[in-house]
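A.B. asks: Next come a sequence and a model predicted from it.
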Amino acid sequence: MELLRNWILCVTGAAVLSAVCIGVVPSGRVKKTVQLVCGVVTLLCLAYPVTDGRLDELGSFEFDFADADIFEQEAYETEQVVTRKVIEDRYEAYILDKGEKTGVEIASADVSVRWSDEGYWYPVKAEIDASFESAELSQVIAEELGIPTESIYWS
């Protein structure tokens, strides 16, 4: 029974790892490739104990629960880093778009976010490399993104 339990945990681990990998990768050709690889890895995990037609090989799946806790923590931390970066990138794209609409030529925008007590990322600072400082764009950023005007830096 313990062997079956370990095998199920390994298959579950492969599925969770696959879900994290697929969730992190941007859409397109790379995502389809990652989905294919993750699917093959999960199928190999499923089929491994029965490849020789013997279930006694199920014991070859070793699973260390201490490693699982470490893996889970690392996966969570990686997810947080990736999520933070995606959110920062979206805020930056928003600022670039608003700059274009207000006639400000922006070379780059860098937004810093912070984790709230309510459980979400929110913008706290923006650094904008633009042709000139725009009070209008600063006001739009402050009103729509909630970044205080004193935390918007122009260069």
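C.D. replies: All right, it came through fine.
A.B. asks: and Gly28, backbone torsions?
C.D. replies: Backbone torsions of Gly28, given as degrees, to the nearest 10, read phi 130, psi -160.
A.B. asks: I meant Ala107, not that one.
C.D. replies: Torsion angles, degrees, to the nearest 10, at Ala107: phi -80, psi -40.
A.B. asks: what about Ser108, helix or strand, and which?
C.D. replies: Using DSSP states H and E, Ser108 sits in strand 106-115.
A.B. asks: mind listing what's buried in that strand?
C.D. replies: Across strand 106-115, burial judged by 16 or more other CB atoms under 10 Å covers Ile106, Ala109, Val111, Val113. The C-beta positions use only the backbone N, C-alpha and C, and glycine is treated the same way.
A.B. asks: I'd say the last one and Pro123 touch.
C.D. replies: Looking back up the chat, that one is Val113. Yes - contact criterion CB atoms under 8 Å: Val113 and Pro123 qualify, at 5.3 Å.
A.B. asks: joint contacts of these two?
C.D. replies: Residues within reach of Val113 and of Pro123 at once, by CB atoms under 8 Å, 6 or more residues apart in numbering, are Tyr91.
A.B. asks: Looking at the buried residues of strand 106-115, which is nearest Gln73?
C.D. replies: Comparing the buried residues of strand 106-115 against Gln73 with CB to CB picks out Val113 as the nearest, at 21.6 Å.
A.B. asks: Just give me the neighbour total for the residue nearest to the closest one when sequence neighbours are not counted.
C.D. replies: Leaving aside its chain neighbours, Val113 sits nearest to Trp121 (4.3 Å; criterion: CB to CB, 6 or more residues apart in numbering). Residues lying near Trp121 (other CB atoms under 10 Å) number 16.
A.B. asks: Not counting sequence-adjacent ones, nearest residue to the residue sitting nearest the centre point of the chain?
C.D. replies: A centroid search over the chain (CA atoms, centre = their mean) returns Val82, at 3.1 Å, as the residue closest to the centre. Using CB to CB, 6+ apart and skipping the chain neighbours, the partner closest in space to Val82 is Val24 (5.2 Å).
A.B. asks: residue contacts, that neighbour?
C.D. replies: Thr78, Glu79, Val82.
A.B. asks: How about the contacts made by the first one?
C.D. replies: Contact criterion CB under 8 Å, 6+ apart gives Val20, Val24 as the residues in contact with Thr78.
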